[in-house]
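Visitor: Sequence and computational prediction follow.
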Amino acid sequence: MMAYDPVVYSRILTGLTLGFHIIFATIGVGVPLMIAIAEYLGIKYKDPHYTLLARRWARGFVITVAVGVVTGTSIGLQLNLLWPSFMQIAGQAIALPLFMETFAFFFEAIFLGIYLYTWDRWKNPWIHFSISIPIIIGSTLSAFFITIVNAFMNTPQGFKLSGRTIIEIDPLVAMFNPATPTKTAHVISSAYMTSAFVLATIAALALLAGKNHVYYKKALKLTMVCGLIFSLSTAFIGDLSGKFLAEYQPEKLAAAEWHFETTTQAPLVIGGYLDKDKTIHYGLKLPFALSILAHGDPNAEVIGLNDIPVDERPPLYIHYFFDIMVGIGSLMIVLGIAYLFLVRKKRLQQGKEVPRWLLRLISFSGPLSMLAIECGWIFAEAGRQPWILRGYMKTVHGATTATNVDWMLLMFSLLYIILGFGVWNVLGRMFRTNTPEEELAIRSADGGEVR
Amino acid sequence: MSIEVVGITVLWIFLYGYLIVASIDFGAGFFSYYALITGRTNMIHTIIERYLSPVWEVTNVFLVFFMIGMVGFFPDTAYYLGTTLLIPGSIAIVLIAIRGSYYAFSNYGSKENHFYKLLYGGSGLLIPASLSIVLTISEGGFIEERGSDVVLLYGKLFTSTYAWSVVILSLVSVLYISAAFLTYYAHKAKDMRAMEVLRGFAIGWSGPTILASLLVFFSIQHHNPMHFERMLELSWMFVLSLVCFMIATYLIWNRKRLGLAFVMVMLQFALAFFGYGAAHLPYIIYPMVSIHESVTSPAMGIALIGAFIAGLCLLVPSLFLLMRLFLFNANYVQGLQKK
């Protein structure tokens, strides 16, 4: 057993809570948009399949929202419990977006309550559709605001530190720090992308299981098209994030790319491993690629890790998390294009179905995208180390000094296991006992109008 | 008004909001479990379900709001409470998490399940008990600064009459507030059998509520005489609170104007809660943190107040819409509306 160190346990516990919460937060941000798109298509084309998609997605969504809400409450309170010194400082400079996040979520929660219970309340279906808009605004804004807080931890500004008190605070300058634009855009876009692929996974699994209803094919097409669009935007924003890092957090980029010497025409290393002398073995080197990623110019100079003070260097393992994130993201783009190519009209007219191998690949797209999100966050957070507030406060100084954080870690681990199993069971039962085919039959028998 | 007074008032309003909506929620969970084990499920179950379904998510937000607002307006409290409340705070989080998710699991996911109901009903009583510790601690005497460290004195906390009287008050008032609201709601739903059961609960818990309040009142005198003195200066608020209580009980007893009765219950708690809070000032945690020293910078304070006003402009109409559609929509309340 290692010696008790509240900092280590606080980091593990926060990582655990965030790692668990981010799954539900991602779904919470992205799925409302997918529901709204499906409902829109359903009303516009009077297509009961899309409307049923929206209904069924919404039903599953509530369960994930419940876990998102409670784990979000967890992390909100845990920040205070585990990082009191950090929150004391951060509270003064970055409380504004934190406060606004709660408002945005409140707004979303109210309209979600309305949305779920008013499907058949109005004669005009567009009224119900319009309720989905505040939900999307609320969930996307809460992602925006909370990511700003994280952006601030990476590039803090808008205050001055004198001793332990901070002065000359400008909340808006703190909010719109250099990391804000790329970070928030990347988080939101990747949430949309991942949600689309999670839903694509469900459709692909149904088709693989031999269910042949056109409902599943429409679901697959809708989710794959959205998934491709959002993975393209995520990749584009990711590229901008690389340029942001090169300018404002060169140590994070250098550690992620195992780039030690400051050079021009820097190559990008993919994979590989480091020996004791920090020599890279078996890595795939793409010439000029790092210079292009960092500055959009093959001849540009990229700062290497050796120019960063030793005690301010991020851990080198983040290289793998970066590579997994980018690798999965690229794979998703290829997958989306392959799908569109194989369902093109000409091919379908010849009576050819989507090949099973492609469905098999798509069935992994949701879990893989979620894995990319997790890796991205580990990369982002570990890559900021040793800082909790870059340049101002190190992580070791932000943590609680309380005893028993280890027991709390155990307690929360159990909680997340229980919640995880609960969600899995409930969602499984919910959709197995009530299939779309049955629902479509009931709804079309029910007064002729299928809505 | 200075920023710190505006700030603490805003926070106190949110805590009061949480007190009311969470009490309704917690109490409802307990009653529905109680009804299940005494075989009266059908009578009050639908009423509770119909009220809770669209609003359960909103409850948690009040609490998070209070916490986040506290950090924003008074960053020093984050430090003191954060360090000392690790264990009670974490236990409260776990309970809230289990409660929220298992509510959704049982309500949206599966058939009735005894175990879920037990979790739901039991956690509803444990959460207020664990949260009430914050109020106890704020009276001072339970936190000690040792060098650069602050610690919570558990031995002292668990043997304090004051601490236990607060726990008792939090439990009985949860049940009382909830019963008073649900009586009104059942009446609106024209479900007279449920109304009678819930009315019985409301009357049954009214006496203990007042007794527990008096107990807290007198144990404060013992624990923190200065706070007690200041409460006596505001005694008109507590007297008015008692008057509201009597009106509410009279109305519920006679089955008259149950909506007004619930408003009276809300006023009863508002007066006592704000009287208690006002007397507590200027301290947030006696005697370590006062609102004057711990308040955030003027720039952040003004930004937060601005955000708060903008937020209210967005939330109040939305909440109004929610209430129009569910709480005060006769068809919905009576279950005539299809989902």
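Guide: That came through, no problem.

Visitor: List the residues that contact the residue nearest to residue B:60 when sequence neighbours are not counted.
Guide: Using C-beta to C-beta, 6 or more residues apart in numbering or on different chains and skipping the chain neighbours, the partner closest in space to residue B:60 is residue A:73 (5.2 Å). C-beta here means a position set from N, CA and C on the backbone, and glycine is covered the same way. Taking C-beta atoms under 8 Å, 6 or more residues apart in numbering or on different chains as the criterion, residue A:73 is in contact with B:60, B:63-64, B:93, B:96-97, B:100.

Visitor: run the last query once more with 7 Å
Guide: Taking C-beta atoms under 7 Å, 6 or more residues apart in numbering or on different chains as the definition of contact, the neighbours of residue A:73 are B:60, B:64, B:93, B:96.

Visitor: Take these and lay them out in TSV including pLDDT and secondary structure.
Guide: What follows is the contacts of residue A:73, written out as TSV (pLDDT from 0 to 100; DSSP: H, G, I helix; E, B strand; the rest coil):
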residue	pLDDT	secondary structure
B:60	77	helix
B:64	80	helix
B:93	85	helix
B:96	85	helix
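
Visitor: Let me have those residues in TSV, adding neighbour count and distance to residue A:208 as columns.
Guide: Compiled in TSV, those are given as follows (neighbours: other C-beta atoms under 10 Å in any protein chain shown; distance: C-beta to C-beta, whole Å):
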residue	neighbour count	distance to residue A:208
B:60	25	38
B:64	22	41
B:93	26	39
B:96	24	39
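
Visitor: Dump these into TSV; add distance to residue A:341 as well.
Guide: Formatted as TSV, the entries for the contacts of residue A:73 read as follows, by distance: C-beta to C-beta, whole Å:
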residue	distance to residue A:341
B:60	46
B:64	46
B:93	48
B:96	49
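
Visitor: sec struct for residue B:190, please.
Guide: Under DSSP: H, G, I helix; E, B strand; the rest coil, the three-state class of residue B:190 is coil.

Visitor: what does the model give it for pLDDT?
Guide: We note a pLDDT of 78 for residue B:190 in this prediction.

Visitor: what does residue A:220 give?
Guide: Residue A:220 carries a pLDDT score of 90 in this model.

Visitor: just residue B:99 next, same as before
Guide: Taken from the predicted model, the pLDDT recorded for residue B:99 is 82.

Visitor: And for the one 10 residues further on?
Guide: Reading off the per-residue confidence, residue B:109 sits at a pLDDT of 59.

Visitor: same deal with residue A:2?
Guide: Here, the pLDDT recorded for residue A:2 equals 62.

Visitor: Get me the contact residues on the stretch 251-400 of chain A for chain B.
Guide: Taking C-beta under 7 Å from any C-beta of the partner chain as the criterion, the neighbours of chain B within the stretch 251-400 of chain A are residue A:400.

Visitor: can you pull out the strands in the stretch 251-400 of chain A?
Guide: If you assign secondary structure with DSSP state E, counting those that start in this stretch, the strands in the stretch 251-400 of chain A sit at A:263-264, A:268-270, A:273-274, A:280-281, A:284-286, A:301-302, A:387-389, A:393-394.

Visitor: quick one, which of these is nearest to residue A:321?
Guide: Shortest separation from residue A:321 across the strands of the stretch 251-400 of chain A is recorded for strand A:268-270, at 13.0 Å, computed as C-beta to C-beta.

Visitor: Rank the helices and strands of chain A by mean pLDDT and give me the bottom one.
Guide: Using mean pLDDT, DSSP states H and E, helix A:345-349 stands out as the lowest-scoring helix or strand of chain A, at a mean of 72.

Visitor: what's the spacing between that helix and its chain's center?
Guide: When distances are taken as C-alpha atoms, centre = their mean, to the nearest Å, helix A:345-349 is centred 35 Å away from the chain's centroid.

Visitor: May I see the buried residues of the lengthiest helix in chain A?
Guide: For chain A, the longest helix by residue count, based on DSSP state H, is helix A:6-44. By neighbour count, with 16 or more other C-beta atoms under 10 Å in any protein chain shown as the criterion, the buried positions of helix A:6-44 are A:6-11, A:13-14, A:16-18, A:20-43.

Visitor: where does the stretch 51-200 of chain B come near chain A, residue by residue?
Guide: Contacts of the stretch 51-200 of chain B with chain A, taken as C-beta under 7 Å from any C-beta, map to B:53-55, B:57-58, B:60-61, B:64-65, B:67-69, B:71-72, B:75-76, B:78-79, B:81-83, B:85-87, B:89-90, B:93-94, B:96-97, B:100-101, B:104-105, B:108-110, B:149.

Visitor: same thing but 6 Å
Guide: B:54, B:57-58, B:60-61, B:64-65, B:67-68, B:71-72, B:75, B:78-79, B:82-83, B:86, B:89-90, B:93-94, B:96-97, B:100-101, B:104-105, B:108-110, B:149 (C-beta under 6 Å from any C-beta of the partner chain).

Visitor: Quick one: name whatever helix or strand follows whichever strand or helix holds residue B:184.
Guide: Under DSSP states H and E, the secondary-structure element containing residue B:184 is helix B:161-188. Taking DSSP H and E as the definition, the helix or strand that follows helix B:161-188 towards the C-terminus is helix B:192-223.

Visitor: could you point out which element follows that next one?
Guide: Taking DSSP H and E as the definition, the helix or strand that follows helix B:192-223 towards the C-terminus is helix B:225-233.
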